[in-house]
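# Give me coordinates for this.
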Amino acid sequence: MGSESDNKNWKLGEVVLLPRKTTQSNKKYEYLMASRYICIREATAGQRGILLKVLGKTTRENIIMQGGQPFCKDEKYEGLYSDTYFSYRFPSVKELKEVLDILKKGESLVEIFEKAKMHINPNSTFWVSDTASRLLFLKEPQYYDASHGKLTAASDNEPHYRLTIAYFYKSNVSW
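Next up is the predicted model:
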């Protein structure tokens, strides 16, 4: 089903099991990479490969702003003196557009996501890391509407897809 190897040279459509990896945002918040992803682009000599994980849909009320970036409390570690929260990273609009282009060109990829129980509609709406400014220093999360090519500040509580992306090249897996 999934694989984890030293050379990390995954093939198109392969379900990949990534080991848990975190990076600290601050003492209470960390970004997370773990679990099942699907390879949507193989690595070549001049280009990193792309792994995609569909996290389902979520609403604005589940997103907080942390360090100027959207953050969901996907996991929680209860410590002795304080708790630590973990979130999968949100893609930028540029990263999202690249992923959606790949999915739209390869319809069989969407079927692979369905079989892996990760439903995705490439013509839907998606949360992104790009934010809108409200007042002077307040940031608001935004979503990208793939069917209209439009970026919108989240003012309602409609659900939008959450995706997270990992890149790989040779033995390196990164955000």
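# Setting aside sequence neighbours, what's the nearest residue to residue 141?
Spatial nearest neighbour of residue 141, chain neighbours left out: residue 70 (4.2 Å); criterion: C-beta to C-beta, 6 or more residues apart in numbering. All C-beta spots, glycine's among them, are computed from the backbone N, C-alpha and C.
# what helix or strand is the one you found on?
Using DSSP states H and E, residue 70 sits within strand 69-72.
# Show me which strand runs longest in this protein.
Using DSSP state E, we find that the single longest strand of the chain is strand 29-41.
# returning to that earlier point: so what sits opposite the residue nearest to residue 141 in the bridge?
Beta bridges link residue 70 to residue 65, judged by DSSP bridges.
# what's the distance between it and residue 156?
Remark: distance between residue 70 and residue 156 (C-beta to C-beta, to the nearest Å) = 16 Å.
# More neighbours: which of those two?
Counted by other C-beta atoms under 10 Å, residue 70 and residue 156 do not tie: residue 70 has more neighbours, with 25 against 7.
# Quick check: that one touching residue 63?
Yes. If you go by C-beta atoms under 8 Å, residue 70 and residue 63 touch, sitting 4.9 Å apart.
# tell me, what's touching those two both at once?
Residues touching both residue 70 and residue 63 (C-beta atoms under 8 Å, 6 or more residues apart in numbering): 127, 141.
# Which parts of this protein are strands?
15-24, 29-41, 49-58, 63-66, 69-72, 75-78, 83-88, 125-134, 138-145, 150-153, 160-169, 172-174.
# Need the ones you listed in TSV (columns: distance to residue 97 and mean pLDDT).
Converted to TSV, the strands of the chain look like this (distance: least, C-beta to C-beta, whole Å; pLDDT from 0 to 100):
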stretch	distance to residue 97	mean pLDDT
strand 15-24	22	91
strand 29-41	13	95
strand 49-58	12	97
strand 63-66	21	93
strand 69-72	17	94
strand 75-78	28	94
strand 83-88	19	95
strand 125-134	10	92
strand 138-145	8	93
strand 150-153	10	94
strand 160-169	12	97
strand 172-174	20	90
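# okay if I get those as JSON lines plus distance to residue 100?
JSON lines is the format used below for the strands of the chain (distance: least, C-beta to C-beta, whole Å):
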{"stretch": "strand 15-24", "distance to residue 100": "20"}
{"stretch": "strand 29-41", "distance to residue 100": "10"}
{"stretch": "strand 49-58", "distance to residue 100": "10"}
{"stretch": "strand 63-66", "distance to residue 100": "20"}
{"stretch": "strand 69-72", "distance to residue 100": "18"}
{"stretch": "strand 75-78", "distance to residue 100": "27"}
{"stretch": "strand 83-88", "distance to residue 100": "18"}
{"stretch": "strand 125-134", "distance to residue 100": "8"}
{"stretch": "strand 138-145", "distance to residue 100": "9"}
{"stretch": "strand 150-153", "distance to residue 100": "13"}
{"stretch": "strand 160-169", "distance to residue 100": "9"}
{"stretch": "strand 172-174", "distance to residue 100": "21"}
